[in-house]
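What follows is a predicted protein model with its sequence.
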Amino acid sequence: MFHPLVMEWFRRRFASPTPAQELAWPAISQGKNVLVVAPTGAGKTLAAFAYFLDQLVRQAADNTLTAGVQVVYVSPLKALSNDVQKNLEAPLSEIRALAAELNVAPPEVKTAVRTGDTPMAERQKMAKSAPHVLVTTPESLYILLTSESGRKGLSTVRAVVVDEIHAMLGDKRGAHLALSLARLDKLVAGAGHKRPQRIGLSATVKPVETASRFLVGSQGDLPILVEPPPVRERDLAIITPASELGAVSTHEQWAELYDRVAALAAGVRTTLVFVTTRTLSERVAMHLSERLGKEVVAAHHGSLARERRLSAEQRLKAGELKVVVATASLELGIDIGTVDLVCLIGSPRSIGTALQRVGRSGHAFGATSVGRFFHSPATNLWKVPRWFWPPANAQWIPQPCGPPRSTYWPSKSWQKWRAEKHPRPTFSALFARPHRTPTLPERRLSRW
């Protein structure tokens, strides 16, 4: 199925393909749209890229490889784009070294990343000489489609890979990306080429039908669904403070939370802590650094400078950091090395997000994901998925505040309960008063 050079590289690098790769490669080779839904660490990125990488190597061997973007990889995060570009350069370098070892002409396949962090010099270089594989974000793809040099480079695209497709469903970024993909189809068709093949990747997308329709658009046929059976195990638990829960966490409860996270982090190699806001990320990192040391704790969020974010990612992957406190900036499928434990402070607000974040630990095929949920305020316990709750015979049972609600927003039953428990006075009761003729000073005062 693959070029002998690519086959030899894969044989030396991996023992065998994963189930997701075995099912995805034949479907992608048919030239149809494909949606790959597999757990974290199942090799989805290589499942999407291996076939197109093989096609580029074949073109280089036949001297038919021309300048122009052939594969566009769209990721929702800048950190994920940088990570994917590095993971592409590594196999290409190994394939070039293997070609030199076998006395074969090395394939000159170029890759580039285009995000908001890309320096101006690299952008100008990309405009002059377009890469064969372009890694970008939805916003940067839109900008490229509005420029003359960008449209010229994208007119030769053969395939589009949309990674972490679940992160862009149902919001403005998803609608924005759908428009950009439609414009890309029109651009490629206007240049006399076939509509680009679309490959979608996700680990926690539900429902699959919605993601399938989003991937191909309103007029295309539904993609081939590649969904191998899940083989990952999860070790999940909720940790609550020893003191009584209230509507607002006290300083003592926060101190106890920091002590528990620090104790858990001290027992493993690396820990990834997810919080809800960037301010909380800095605060938790400060308190954990006081307990574990400043040199082994770092914060990671979108407001940090590009150098600090890349430094934290590289130090975490190298094993130099023990704890990284992050927002959603490290939530998706970024290769950050070995993470033994994931702690979530604050509600993830959805089961998919919770599974995605917990999946950062044991990021390998067949490994066990370990996650610990820290929810101090009592109101946050309602936002924890019910299948995370402990059994009824457990030592601690969560007690809700007020009547149960099916959704986060108040329902009709909630409004009825509140009206019965806390009735509001009527308009007449508020403003009715005995009739009395105003006095002369009152009439004069009313004129002013």
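Looks like it arrived, so ask away.

In stretch 56-75, which residues are buried?
When burial is assessed from 16 or more other Cβ atoms under 10 Å, stretch 56-75 yields the following buried residues: 56-61, 65, 68-75. All C-beta spots, glycine's among them, are computed from the backbone N, C-alpha and C.

Next, give me the two most distant ones among those residues.
With distance counted by Cβ to Cβ, no two of the buried residues of stretch 56-75 lie farther apart than 61 and 75, which are 29.1 Å apart.

Now that residue 200 has come up, it's in contact with residue 34, right?
Yes. Under the criterion of Cβ atoms under 8 Å, residue 200 is in contact with residue 34, at a separation of 7.3 Å.

what is in contact with the two at once?
With contacts defined as Cβ atoms under 8 Å, 6 or more residues apart in numbering, the residues shared by residue 200 and residue 34 are residue 223.

in the stretch 251-400 of the chain, which spans are helices?
Counting by DSSP state H, counting those that start in this stretch, the stretch 251-400 of the chain has these helices, from start to end: 251-266, 278-292, 306-317, 351-358.

just those helices: most buried one?
Taking mean count of other Cβ atoms under 10 Å as the contact definition, the stretch among the helices of the stretch 251-400 of the chain with the greatest mean neighbour count is helix 351-358, which reaches a mean of 21.

just the CA coordinates of it, formatted as CSV?
These are the backbone C-alpha positions of helix 351-358, laid out as CSV (Å, rounded to 0.1, in the frame of the first residue of the first chain):
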residue,chain,number,x,y,z
ILE,A,351,-18.6,15.3,29.6
GLY,A,352,-16.7,15.6,26.3
THR,A,353,-14.5,18.3,27.7
ALA,A,354,-13.9,16.2,30.8
LEU,A,355,-12.9,13.1,28.8
GLN,A,356,-10.7,15.2,26.5
ARG,A,357,-8.8,16.7,29.5
VAL,A,358,-8.5,13.4,31.4
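
I'd like the average pLDDT over that helix.
Computed over helix 351-358, the mean pLDDT rounds to 78.

Off-centre distance for it?
10 Å (Cα atoms, centre = their mean, to the nearest Å).

got it, and stretch 91-99?
30 Å.

and what of stretch 91-108?
Centroid separation for stretch 91-108 versus its chain: 33 Å, with Cα atoms, centre = their mean.

residues of that stretch that come out buried?
Across stretch 91-108, burial judged by 16+ other Cβ under 10 Å covers 91, 92, 95, 96, 98, 99, 106, 107.

Can you list which of those are found in helices?
Secondary structure defined by DSSP state H assigns 91, 92, 95, 96, 98, 99 of the buried residues of stretch 91-108 to helices.

can you tell me which residues contact the third one?
Translated: residue 95. The contact partners of residue 95, taken as Cβ under 8 Å, 6+ apart, are 5, 6, 9, 57, 106, 107.

Among these, which pair sits farthest apart?
Among the contacts of residue 95, the pair separated by the greatest distance (Cβ to Cβ) is 6 and 106, at 12.8 Å.

and residue 237, how far is that from residue 344?
Taking Cβ to Cβ, to the nearest Å as the criterion, residue 237 is separated from residue 344 by 11 Å.

tell me the domain ranges of the chain?
4-116+129-226, 233-388 (automatic domain parsing).

Tabulate those (JSON lines), appending distance to residue 123.
Compiled in JSON lines, these are given as follows (distance: least, Cβ to Cβ, whole Å):
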{"stretch": "domain 4-116+129-226", "distance to residue 123": "7"}
{"stretch": "domain 233-388", "distance to residue 123": "14"}
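
Noted, bye for now.
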